[in-house]
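S.K.: build me a structure from this.
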Amino acid sequence: MNDMLLAHERIGEKRYREVYGLAYEEFDIGDIFEHRPGRTVTEVDNIWQSLIDMNKHPAHIDQAYAQRTEFKGLLVSSSVTLSIVSGMTVSTMSARATANLAWDEIRLPNPVLVGDTLYAESEVVAKRESASRPNEGIVTIKVIGRKQDSTVVITYLRTFLVPKKAYCMKYDIK
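M.R.: Numbers count the residues shown, from 1 in each chain. The predicted model follows:
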């Protein structure tokens with residue numbers, strides 16, 4: 001792992017600013033980051049996102065129907081699970097990214113139900129300098145989403161383009 005990764009930068013006497021995201025040089029293959037806090041999935045999350053996605057499967061939006069399924073309740077749409085787990089990783093992994101390049105090998109080995117709490121971790125599995133953008137590099141992470149009992153509910157690879165430290169955009173808006 002790199003030297004201590006800072007979550008704040010000093011911008012003045014007794015004044016600090018939060019810093020989000022890593023620069024290309026700060027990613028080391030094999031490093032694993034746990035993303036906290038967890039996020040409990042609510043019925044509103046599930047119904048709204050399912051309808052935004054035009055996913056009208058009754059297991060996601062019809063409580064009476066969902067009660068009669070093997071899950072005995074609303075099943076969280078996989079797009080909701082992907083969105084929440086992905087969002088949990090952004091602050092550390094890609095808040096400085098220039099572009100999201102790919103999500104690959106998405107697997108959903110176990111269901112998520114309304115009321116489950118999701119946690120995420122990311123492992124840096126590959127990195128290389130960009131051939132066409134010399135000020136940036138390409139990083140691939142493996143993300144694992146678990147629920148409160150540690151059951152794995154989603155895994156995937158995510159690849160993004162991230163600037164090198166000298167080319168990261170500054171958060172100098174006051």
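
S.K.: pull the distance from the longest helix anywhere in the chain to the chain's centre.
M.R.: Longest helix in the chain, counting residues (DSSP state H): helix 78-93. Centroid displacement of helix 78-93 relative to its chain, using CA atoms, centre = their mean, to the nearest Å, is 3 Å.

S.K.: CA atoms of the helix or strand that it is followed by as PDB?
M.R.: The element immediately downstream of helix 78-93 (helix or strand, assigned by DSSP states H and E) is strand 99-107. As requested, C-alpha coordinates have been extracted for strand 99-107 and formatted as PDB (Å, rounded to 0.1, in the frame of the first residue of the first chain):
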ATOM      1  CA  ALA A  99     -14.300   8.200 -17.300                       C
ATOM      2  CA  ASN A 100     -15.900   5.000 -16.400                       C
ATOM      3  CA  LEU A 101     -14.700   2.500 -19.000                       C
ATOM      4  CA  ALA A 102     -16.400  -0.900 -18.200                       C
ATOM      5  CA  TRP A 103     -18.300  -3.100 -15.800                       C
ATOM      6  CA  ASP A 104     -17.500  -6.700 -16.500                       C
ATOM      7  CA  GLU A 105     -18.300 -10.100 -15.100                       C
ATOM      8  CA  ILE A 106     -21.300  -8.900 -13.000                       C
ATOM      9  CA  ARG A 107     -22.600 -11.800 -10.900                       C
END
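
S.K.: paired strands for strand 99-107, with orientation please.
M.R.: With DSSP bridges as the criterion, the sheet partners recorded for strand 99-107 are strand 152-163 (antiparallel).

S.K.: how many neighbours does I32 have?
M.R.: A total of 12 residues lie near I32 under the criterion other CB atoms under 10 Å. Every residue, glycine included, has its C-beta placed from N, CA and C.

S.K.: what's across from it in the sheet?
M.R.: When assigned by DSSP bridges, I32 has beta-bridge partners E123.
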